[in-house]
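> sequence first, predicted model second:
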Amino acid sequence: MKKTLYFRIILAYILFGLFGFIAVATVVSRLTTEYCIRDKARMLYGEASRISDTYALQLYRSKIKLEDVQAQMEALSSYMDTEIWILNPSGRMVVNSRMAPDPGQETYVEDFDSTIIAGNYYTIGRFFNSFDEEVLSVIAPITNDFKIRGYVAIHLPMSRIQTDADNMLNLSYMLLVILLVLSLIILFFFTEYVYRPLRRIIAAAEQYALGNMHYHIPVESEDELGYLSASLGYMADTIARSEDDQKKFIANISHDFRSPLTSMRGFLEAMLDGTIPPERFSHYLEVVLGETERLTKLTNGLLTLNNLNTGGILLQRTDFDINAVIRSVAASFEQTCRAKKIHIRLVLTGKILFVNADLEKIQQVLYNLVDNALKFSHEDSEITIDTTEKGDTVFISVRDSGIGIPKEDQKLIWDRFYKTDLSRGKDKKGTGLGLSIVREIIRAHDENINMVSTEGVGSTFTFTLRRSEKNDALSSLGEPEVDVRE
Ligand code: ADP
């Protein structure tokens, strides 16, 4: 049998019962008998002393008749269920409560020796072979004028004491049985409410270990075990979900890597087998270069996302001027703006507006948002970036009047690799990772980002940052509008 928790508990229970019975049968039994003997002996000795001080003494002083004492002793002994003797120092029977001594014939207790009790006040045995069975005997001396005139002996059969002790012992056995029954009931409750649910939780954990993450744990009690099974179930759900995400993620990556590789391979093969004539090589090599750029972008995006996701992002917070960052990001798109005839309008609060954040990461957020705005804007249009302050928060918005995002896609654009059908024509090189990166960075700052968009009208992405206390030290010069254009 496996050494399970339950096995140990059952074993402990059996041992407890066994030791309980052995203890009652040996130690408790002996102690009870000893207690009964001592108790009876004390009681009998008290009685014997009383008799020696009263009836026996009066008898020796001839103040009371022998017959009267005999009658008294007979009554007393039948009341106490004992045998009472009055002996003279040599062991001659003067009074015997069982039967009156024959006056014509002297009866002796042979070899009587009062020292038999040897410093004790009782002795156990046949009392100088006077009895057929073992008796408990107490002897009290009768003293008169500092001389021992005789003895009062009271005898009680040991079988009587044993019966009393057995009765008391039975009580102990009964208590033990009650205790065992009670602990059996506790064991039953333990089995039902702790052991069985625990087994079910273990079975579930084994299922999870085998990869069956959709296994339901049938433990729904409202206690620690119920809580444990709910937590385990939740953990399994999370793992299952993240496994699904992982699979989807890998499928997406494979797809996104495969398509540029396939097209590159197609062009290169066509160049090698002569399908593409050498004079067209430069054109197709540029296409291939474009595809490698896309692959590089994809790899970089994946690396960034991976860094953002693993173990939280370590932000290097500093106080910097967000207006200056916006200006430099806008300036870096000058070429594209010129090519698409797009105007970036900056509506910035104050000349300088300090925020507390990770400069490089916020630069990346702005870069991704402006890049998207440009990609999905029509030619000859305008993109507006503005900053506003509200209390301790700075709001930064990037607004375009481009293709917009269909309502059904608006929740999904934050997912990795998600691209709207609408945008595919406009941006063939997109990886669908940009907004996921943006969201992770803003989340790491404990800030918010949201988007309002209308299909065919345009989109506005707004995120918040923590306003730096440095602003209060500097006097801000109002410069509401700054245009950045070539
Ligand atoms: P990508 O690198 O492909 O731009 P993103 O994660 O940045 O990936 O964007 C995901 C998708 O969200 C885009 O492919 C596009 O469909 C949509 N999108 C993002 N920004 C805009 C925008 N300003 N206007 C319209 N669609 C947008």
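Received, thanks.
> I figured R327 hits L346, correct?
Yes: between R327 and L346 there is a contact at 6.7 Å, judged by C-beta atoms under 8 Å. All C-beta spots, glycine's among them, are computed from the backbone N, C-alpha and C.
> low-confidence regions, the stretch 301-450 of the chain specifically.
309-313, 425, 428 (pLDDT under 70).
> near the ligand, which residues of it are found?
Contact residues, the stretch 301-450 of the chain versus the ligand (C-beta under 6 Å from any ligand atom): 368, 372-373, 376, 400, 402-405, 413, 418-420, 423, 427, 430-436.
> let's see 8 Å
301, 368-369, 371-373, 375-377, 398, 400, 402-405, 409, 413-414, 416, 418-420, 422-424, 427, 429-438 (C-beta under 8 Å from any ligand atom).
> now these: which count as buried?
By neighbour count, with 16 or more other C-beta atoms under 10 Å, those hold 301, 368-369, 371-373, 375-377, 398, 400, 402-405, 409, 413, 416, 419-420, 422-423, 427, 430-438 as buried.
> show me those that map onto helices.
With helices taken from DSSP state H, the overlap with these comprises 301, 368-369, 371-373, 375, 422-423, 434-438.
> of all those, which comes closest to E243?
Nearest to E243 among those, counting by C-beta to C-beta, is S436 at 18.9 Å.
> hey, where'd the strands end up in the protein?
83-87, 93-96, 122-125, 135-144, 147-157, 317-321, 343-347, 354-358, 382-390, 393-400, 449-454, 458-467, 482-484 (DSSP state E).
> let me know the average pLDDT across stretch 110-121.
The average pLDDT within stretch 110-121 is 77.
> residues contacting it, please?
41-42, 45, 87, 89-91, 123, 127-129, 138-141, 148, 151 (C-beta atoms under 8 Å, 6 or more residues apart in numbering).
> kindly report the same for stretch 38-46.
Contact with stretch 38-46 is made by 80, 82, 121-122, 136, 138, 140, 154, 156, 161, 164, as judged by C-beta under 8 Å, 6+ apart.
> buried set for that stretch?
Neighbour-count burial for stretch 38-46, counted by 16+ other C-beta under 10 Å, picks out 40-41, 44-45.
> same list, those residues, but as TSV with distance to L289 please.
Shown next, in TSV, are the buried residues of stretch 38-46 (distance: C-beta to C-beta, whole Å):
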residue	distance to L289
K40	116
A41	117
L44	121
Y45	121
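> closest to K340 out of those residues?
Nearest to K340, judged by C-beta to C-beta, of the buried residues of stretch 38-46 is K40 at 118.2 Å.
> the closest one and D164: what is the separation?
If you measure K40 against D164 using C-beta to C-beta, to the nearest Å, the figure is 8 Å.
> please name the nearest non-neighbouring residue to the closest residue to the ligand within the stretch 151-300 of the chain.
Across the stretch 151-300 of the chain, the shortest distance to the ligand (C-beta to the nearest ligand atom) belongs to K297, at 7.9 Å. Leaving aside its sequence neighbours, K297 sits nearest to T431 (C-beta to C-beta, 6 or more residues apart in numbering; 5.9 Å).
> do G391 as well
Spatial nearest neighbour of G391, chain neighbours left out: R467 (7.6 Å); criterion: C-beta to C-beta, 6+ apart.
> what pLDDT does that neighbour get?
95.
> now K3
At K3, the predicted lDDT confidence score is 66.
> next one: L15 from the ligand, what distance?
As defined by C-beta to the nearest ligand atom, to the nearest Å, L15 lies at a distance of 68 Å from the ligand.
> got it, and T349?
Distance from T349 to the ligand, by C-beta to the nearest ligand atom: 23 Å.
> again, but for Y60
Distance of Y60 to the ligand, computed by C-beta to the nearest ligand atom: 125 Å.
> how many neighbours does the residue nearest to that residue when sequence neighbours are not counted have?
Among residues not flanking Y60 along the chain, R149 sits closest, at 4.7 Å (C-beta to C-beta, 6+ apart). Neighbours of R149 under the rule other C-beta atoms under 10 Å: 18.
> wait, doesn't R149 sit right on N88?
Yes: the criterion here is C-beta under 8 Å, and R149 meets it with N88 at 7.3 Å.
> next, the contact list for the closest residue to N372 other than its chain neighbours, please.
The shortest distance from N372 to any non-neighbouring residue, by C-beta to C-beta, 6+ apart, is to G434 (6.3 Å). Counting by C-beta under 8 Å, 6+ apart, G434 touches 301, 368, 371-372.
> and L180, by the same measure?
Residues near L180 by C-beta under 8 Å, 6+ apart: 16-17, 20.
> read off the pLDDT value for L225.
92.
> wait, it touches I201, no?
Yes: counting by C-beta under 8 Å, L225 touches I201, with 6.9 Å between them.
> overlap of the contact sets of the two?
Counting by C-beta under 8 Å, 6+ apart, the contacts common to L225 and I201 are V219.
> all helices of the protein, in order?
5-23, 29-51, 57-60, 66-80, 158-190, 196-209, 224-272, 281-309, 322-332, 334-340, 359-375, 421-424, 434-444, 470-473.
> format the ones you listed as a markdown table; extra columns: distance to L315.
As requested, these are arranged in a markdown table below (distance: least, C-beta to C-beta, whole Å):
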| stretch | distance to L315 |
| --- | --- |
| helix 5-23 | 47 |
| helix 29-51 | 76 |
| helix 57-60 | 108 |
| helix 66-80 | 97 |
| helix 158-190 | 51 |
| helix 196-209 | 35 |
| helix 224-272 | 24 |
| helix 281-309 | 11 |
| helix 322-332 | 15 |
| helix 334-340 | 29 |
| helix 359-375 | 7 |
| helix 421-424 | 30 |
| helix 434-444 | 6 |
| helix 470-473 | 17 |
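> the ones you listed: lowest mean pLDDT?
Least confidently modelled of the helices of the chain is helix 421-424, at a mean of 74 by mean pLDDT.
> hang on, the earlier thing: list the residues that contact the residue nearest to K297.
For T431, the contacting residues are 256, 294, 297-298, 301, 417, by C-beta under 8 Å, 6+ apart.
> count residues in the vicinity of I154, would you?
Look at I154: counted by other C-beta under 10 Å, it has 29 neighbours.
> with the one 4 residues further on instead?
Counted with other C-beta under 10 Å, residues neighbouring M158 total 20.
> could you do H445 as well?
Neighbour count of H445, defined by other C-beta under 10 Å: 23.
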